[in-house]
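Undergrad: Provided below for reference: sequence and predicted model.
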Amino acid sequence: MQKVLVADKINDQGVEVLEGSAEVVFDPTITPEELLETIDQYTGIIVRSRTKVTRDVIEKAKNLKIIARAGVGVDNIDVQAATDNGILVVNAPQSTSITVAEHAMGLILALSRKIAIADASVKDGKWEKSRFMGMELRNKTLGVIGMGRIGSQVVKRAKAFEMDVIVYDPYITEETADELGVRITTLEDLIENADVMTIHVPLTPETKGLISKEQLNQMKDNAILINCARGGIINEEDLYEVLKERPELKVGLDVYENEPLEDSPLVELDNVVLTPHIAASTKEAQRDAAIIVAKEVKEVLNG
Ligand code: NAD
């Protein structure tokens, strides 16, 4: 029977998918040296973030047909080396879409209802009801920058809150926009009209600094800006400067130019809610990622 190495902790349901099709070796503490020594036994390997599948490993993997990353990125896999050796690399970018969309909604609510600072205030022994006047989301305009897998899940959830949705994404069709009941517009128009803006584009040379001083200054009074995509899409230095001048703006971030976030002046600001790159971290997303990639491994094993 062909052997599959599960080299990092993945959800049990992923391992179950492979039962009957392969001999599964679960070794989530395998060292880089042990991996180099044993990799030639395996037809498939499943990793999360801990295990690095380097060119050295790949060149020793004489029987390997597939490398699977039970998650979104493939930064810990040398994809070029895999391609050079005819080995397939798969991941599961669709597994976290709903989880990230829910986190974006969470940040929006944390800011529109001032939940984070209200929580800090109550825990500080205060009862400052008048300080925490909120904003209702119903009938407000949500601007979605990038309407791919995650952006479209945010749209569905925003519709349930009775928000009007406008979208900036030069790569989607009118048909897709109609299906989701949104209006496509320019970035400038979106920024000028959105009460809440949320970013769901990849980080590319085109999107780096997409939201800088000029765009931040165009935002409506009292607007909310969310970034659960990648650090660097918002220019963080510009953001700090604009937020100091416009304390009525509110910003929720899960991702940063440098991670982990260290010595950032953003932590001093009341109008900012920060999370440590956890938008994709739910048990459900991890389970789905494990199941999706295990199915792909099974297909490859079955030829
Ligand atoms: P996706 O590829 O399905 O969607 C991206 C969308 O952005 C596409 O519709 C594309 O047309 C659009 N786009 C690309 N370039 C653009 C530009 N210059 N201007 C406007 N729109 C543009 O990706 P996805 O699965 O929805 O994920 C979006 C991003 O979210 C990922 O690239 C990733 O960086 C980030 N992400 C973050 C976390 C997290 O933990 N915070 C988790 C998963 C994904």
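TA: In hand now; what should we look at? Numbers count the residues shown, from 1 in each chain.
Undergrad: flag every residue of the chain that's near the ligand.
TA: With Cβ under 6 Å from any ligand atom as the criterion, the chain meets the ligand at residues 72, 93, 96-97, 100, 145-151, 168-172, 200-203, 206-207, 228-230, 254-255, 277, 279-280. Every C-beta, even on glycine, is put in place using the N, C-alpha and C of the backbone.
Undergrad: filter those down to the ones in strands?
TA: 145, 168 (DSSP state E).
Undergrad: filter the residues of the chain next to the ligand down to the buried ones and hand me the PyMOL line.
TA: For the buried members of these, the matching PyMOL selection, counting by 16 or more other Cβ atoms under 10 Å, is:
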select buried, resi 72+93+96+97+100+145+146+147+148+149+150+151+168+169+172+200+201+207+228+229+230+254+255+277+279+280
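Undergrad: now the residue in the stretch 1-150 of the chain that the ligand sits nearest to: closest residue in space that isn't a chain neighbour?
TA: In the stretch 1-150 of the chain, the residue that lies nearest the ligand is residue 148 (1.7 Å; Cβ to the nearest ligand atom). Nearest residue to residue 148 in three dimensions, chain neighbours excluded: residue 200, at 6.5 Å (Cβ to Cβ, 6 or more residues apart in numbering).
Undergrad: can you give me the helices in the stretch 101-250 of the chain?
TA: Using DSSP state H, counting those that start in this stretch, the helices assigned to the stretch 101-250 of the chain run over residues 115-123, 149-160, 174-180, 187-193, 213-218, 236-245.
Undergrad: could you dump these to JSON lines with mean pLDDT?
TA: Conversion of those to JSON lines gives the following (pLDDT from 0 to 100):
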{"stretch": "helix 115-123", "mean pLDDT": "97"}
{"stretch": "helix 149-160", "mean pLDDT": "98"}
{"stretch": "helix 174-180", "mean pLDDT": "96"}
{"stretch": "helix 187-193", "mean pLDDT": "98"}
{"stretch": "helix 213-218", "mean pLDDT": "98"}
{"stretch": "helix 236-245", "mean pLDDT": "98"}
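Undergrad: now, of these, which is deepest in the fold?
TA: Comparing the helices of the stretch 101-250 of the chain by mean neighbour count (mean count of other Cβ atoms under 10 Å), helix 149-160 ranks first with a mean of 20.
Undergrad: what's residue 130 in contact with, if anything?
TA: By Cβ atoms under 8 Å, 6 or more residues apart in numbering, residue 130 lies in contact with nothing.
Undergrad: tell me the pLDDT of it.
TA: We have a pLDDT of 95 for residue 130.
Undergrad: how close does residue 161 get to residue 125?
TA: 33 Å (Cβ to Cβ, to the nearest Å).
Undergrad: so which of those two has more stuff around it?
TA: Shown here are residue 161 and residue 125; by other Cβ atoms under 10 Å, residue 161 has more neighbours (17 against 6).
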